[in-house]
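Visitor: heads up, no residue letters with this:
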DNA sequence: CGATTCCGAAACTACACTGGTTACAGTTAT
DNA sequence: ATAACTGTAACCAGTGTAGTTTCGGAATCG
């Protein structure tokens, strides 16, 4: 049921935004506007990205966040590790019966399989970079996948484009 | 944070248990004893496995659950689909700004990547059967060692478009 | 038949995580 | 100093999970 939190999606969104505004600091307020959430939510995620060394943040007038690495040097796996401190993707049940063969051994077997499944998922994330995401977004802009994309630049980009 | 629920682990546990007691019906009470949880929790999961056609359940005296398929014909992907009705592994953020390039196109891009990651994970689960799990459990019973679970699986496709 | 054994499902609880919000202290440029 | 930022704590509502109790229904057996 409960999926991986949308922090991952928001983080990639923000990083793509920073890749778009590569040369200028972006405030949490503006990022929140693009994501359509609260600035504090963005700042919480920026804190995780900063701890992971993916962005640098500066307080004060004219401050904001900037990418700390090149977009092609940030994979979605980096982002995943930064914002999802979960160590295991699958939860194990806590205390199976130690007096039967199944209960006393199932956890180790499950752990092995689940770990491999987790790694396979991370393998995909590790091969996609923020630069890839940004490029795909721009391709959709050009391809007209979203109607009204022509004036979208003027609407959101209020600073030097 | 929030991992995939332990229903998956419990389900594989009970299916391995049923593979062990292949010829006799097992009551939810006994399975709950092996898993170390409440019988109602087991019955809830058995309901999902029954709906998926993995087990058959019989009420009344001498009743209980039995495998409806051969253990080698039940993959962990079958179990995953039975007990986790989640359609997507990663959550997307709900309503990004439609007036900027990033916000109006990021969701489609994210959906593609996240879908591939999910499929890679499911690919691993699809290559492990209840028979595999049961065999590994028995090997641990005999060996007593915590050997690696890596056995019969190839790396899932980690290609990105 | 009626008692026993078993499942199915509803209802309720406790707990944890998520995402949104307000509030306030700290930092920086002008 | 003031204004513009971040960082963080605190609180809230909504949601999912897992455990528990309780009841009704189905199947078996004496």
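Guide: Noted; the coordinates are in hand. Since this is a predicted model, take the numbers as computed values, not measurements. Residues are numbered from 1 along each chain as shown, chains lettered A, B, ... in the order given.
Visitor: wait, a helix at residue A:62?
Guide: No: the assignment for residue A:62 (DSSP: H, G, I helix; E, B strand; the rest coil) gives coil, which keeps it out of a helix.
Visitor: how about the strands in chain A?
Guide: Listed from the start of the chain, chain A has strands (DSSP state E) covering A:55-58, A:64-67.
Visitor: is DNA strand C contacted by the last one?
Guide: No: remark: strand A:64-67 sits outside contact range of DNA strand C, by Cβ under 7 Å from any atom of the strand, the gap being at least 11.2 Å. Every C-beta, even on glycine, is put in place using the N, C-alpha and C of the backbone.
Visitor: who does that strand touch, helix- and strand-wise?
Guide: In this structure, strand A:64-67 makes packing contacts with helix A:7-20, helix A:28-35, strand A:55-58, judged by 3 or more Cβ pairs under 8 Å, 6 or more residues apart in numbering or on different chains; DSSP states H and E.
Visitor: that one vs DNA strand D: in contact?
Guide: Yes: for strand A:64-67, a contact with DNA strand D is found by Cβ under 7 Å from any atom of the strand, at A:64, A:65.
Visitor: follow-up on the earlier one: adding mean pLDDT, write the strands of chain A out as JSON lines.
Guide: JSON lines is the format used below for the strands of chain A (pLDDT from 0 to 100):
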{"stretch": "strand A:55-58", "mean pLDDT": "98"}
{"stretch": "strand A:64-67", "mean pLDDT": "98"}
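Visitor: so which of these is the most packed in?
Guide: Among the strands of chain A, the stretch with the highest mean neighbour count (mean count of other Cβ atoms under 10 Å in any protein chain shown) is strand A:64-67, at a mean of 21.
Visitor: run through who's touching that one.
Guide: A:14-15, A:18-19, A:22, A:24-28, A:30-31, A:46, A:50, A:54-58, A:74, A:130 (Cβ atoms under 8 Å, 6 or more residues apart in numbering or on different chains).
Visitor: buried ones only from these, please, as a PyMOL command.
Guide: Once 16 or more other Cβ atoms under 10 Å in any protein chain shown is used to decide burial, the buried members of the contacts of strand A:64-67 can be selected in PyMOL as follows:
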select buried, chain A and resi 14+15+18+19+26+28+30+31+46+50+54+55+57+74+130
